[in-house]
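*Asks:* Dropping a prediction and its sequence here:
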Amino acid sequence: MKALRIDTDYLLDILLKLLFTPSPSGYTDRVVHLVCEELERLGVPFELTRRGAIRATLKGEAARPNKAIVAHIDTLGAMVKSLKPNGRLQLVAVGHWNARFAEGARCTLFTDIGQHRGTILPMKASGHTFGPEIDSQPGGWDHVEFRIDERVADLQDLLKLGVHVGDFVAIDTNPEVTATGYINSRHLDDKAGAALLLAATKAVKDSGVKLPVDCHPLFTIAEEIGSGASSALHQDVAEMLTIDNGTTAPGQNSSEFGATICMADMGGPFDYHLTRRIIQICQEFHIPHQRDIFKYYRSDSAAALEAGNDVRTALVAFGIDASHGYERIHRESLESIAELVAIYMQSPPLYARDRFEMGPRAGFPTVPG
């Protein structure tokens, strides 16, 4: 194994392309095509599931036991719950996020026949009209509405535009990269993970390094609604490393710098041996890292295991502030994790025994004790 050069300009460029491509869960076809086009440009073969999860392949010297590295390209969003008599729209969230982060957001509404711009606003949006009531009004999705930027005054006007219940609403990302290396945007979860996975894949391809076993970069399209990597795995995948965000908040050990290794989430501990392999790589190659546990968090790993996949899983996270809101990360963390992922792609399988789904006791590992 060796450290590979990560093209940081490429990483940032592909991140911005992803961020400017709307992809709320259930409306992901555009971003699927974007990632497919990028894999074709990199010369990486891939295949798609019926719904659009992408399973790419970096060939290794052996076919099994192989590994997968997964990031999700779907995001939070909203759908039209009802058309209101005042010409505005009631919304329901896609994914789990609080309506307070939606208030004031600029958005795009996608109908069957076109798209329209608009804004999500609280019911009482003008202090000049409602005075102190704007501060005392309740929050939540039942207390916001979508104001469409068209000449609409009532329900009939909305129907004439072709607006229907179930139309998707994509939230503008509004990315900004500062001179100090911070990246502010909505939906960095998990488009930053997808960008660094593509950058690591590019590094492996550009270097010509030989991988010991097949490695599958996976891009899932329903993580925010729970199904994630449940249906995109090859049955011979023995190890799966998930890339996602780690919250930098009081009581957490995550950081906006380096790599955060998640030891456990609400689904329980991650695989002991694979997690220690990831930590070992960080130590050996001097990649800044820290460990954390997330009590109110789940990822593609949980979806894969709940679907019955017998696969070792681990999670590496980029530190993110204000997750599922207007998020902030630092490019240094993305670079650190891209380097880690490129090295992990070169690592041998944890255990030769893992090439079989079932086997004898011989070769089964043990933990220190």
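*Replies:* Structure received.
*Asks:* what's next to stretch 229-238, contact-wise?
*Replies:* Residues external to stretch 229-238 that are found in contact with it (CB atoms under 8 Å, 6 or more residues apart in numbering): 49, 51, 53-55, 63-68, 70, 216, 218, 220, 223, 240, 242, 300-301, 303-304, 306-307, 309, 311-312, 349-350, 354-355, 357. All C-beta atoms are positioned from the backbone trio N, CA, C, and that covers glycine.
*Asks:* can you pull the buried residues of it?
*Replies:* Along stretch 229-238, these residues count as buried under the neighbour rule (16 or more other CB atoms under 10 Å): A229, S230, S231, A232, L233, H234, D236, V237, A238.
*Asks:* Likewise for stretch 142-162?
*Replies:* Applying a neighbour-count criterion of 16+ other CB under 10 Å, one finds V144, E145, F146, R147, I148, V152, L155, L158, L161 buried in stretch 142-162.
*Asks:* between those, which is nearest H273?
*Replies:* Proximity to H273 was ranked across these by CB to CB; first place goes to V144, at 46.2 Å.
*Asks:* thought that closest one was touching L121?
*Replies:* Yes. Applying CB atoms under 8 Å, one finds V144 in contact with L121, separated by 6.4 Å.
*Asks:* any common contacting residues for the two?
*Replies:* E103.
*Asks:* hang on, the earlier thing: got TSV for the buried residues of stretch 229-238, with distance to L19 and pLDDT too?
*Replies:* Shown next, in TSV, are these (distance: CB to CB, whole Å; pLDDT from 0 to 100):
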residue	distance to L19	pLDDT
A229	22	78
S230	25	77
S231	26	74
A232	22	73
L233	27	76
H234	29	71
D236	34	82
V237	29	91
A238	33	92
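*Asks:* which ones among these are found in strands?
*Replies:* Among the buried residues of stretch 229-238, the subset assigned to strands under DSSP state E consists of V237, A238.
*Asks:* Let's have the buried residues of stretch 229-238 in a markdown table, adding distance to R30.
*Replies:* What follows is those, written out as a markdown table (distance: CB to CB, whole Å):
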| residue | distance to R30 |
| --- | --- |
| A229 | 21 |
| S230 | 22 |
| S231 | 21 |
| A232 | 19 |
| L233 | 24 |
| H234 | 26 |
| D236 | 31 |
| V237 | 27 |
| A238 | 33 |
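*Asks:* If you rank every helix and strand of the chain by mean pLDDT, what lands last?
*Replies:* When the helices and strands of the chain are compared on mean pLDDT, DSSP states H and E, helix 300-306 comes out lowest with a mean of 83.
*Asks:* and the helix or strand containing Q283, what other elements does it pack with?
*Replies:* Of the helices and strands defined by DSSP states H and E, Q283 is found in helix 272-284. If contacts are counted by 3 or more CB pairs under 8 Å, 6 or more residues apart in numbering; DSSP states H and E, helix 272-284 sits against strand 237-247, strand 259-265, strand 289-293, strand 312-320, helix 331-346.
*Asks:* so which of the buried residues of stretch 142-162 comes closest to R276?
*Replies:* Within these, proximity to R276 (CB to CB) peaks at V144, which comes in at 45.2 Å.
*Asks:* Just list whatever residues bridge to the closest one.
*Replies:* When bridges are called by DSSP bridges, V144 pairs up with P122.
*Asks:* Let me see the contact set for it.
*Replies:* V144 touches L91, A99, A102, E103, I120, L121, P122, M123, counting by CB under 8 Å, 6+ apart.
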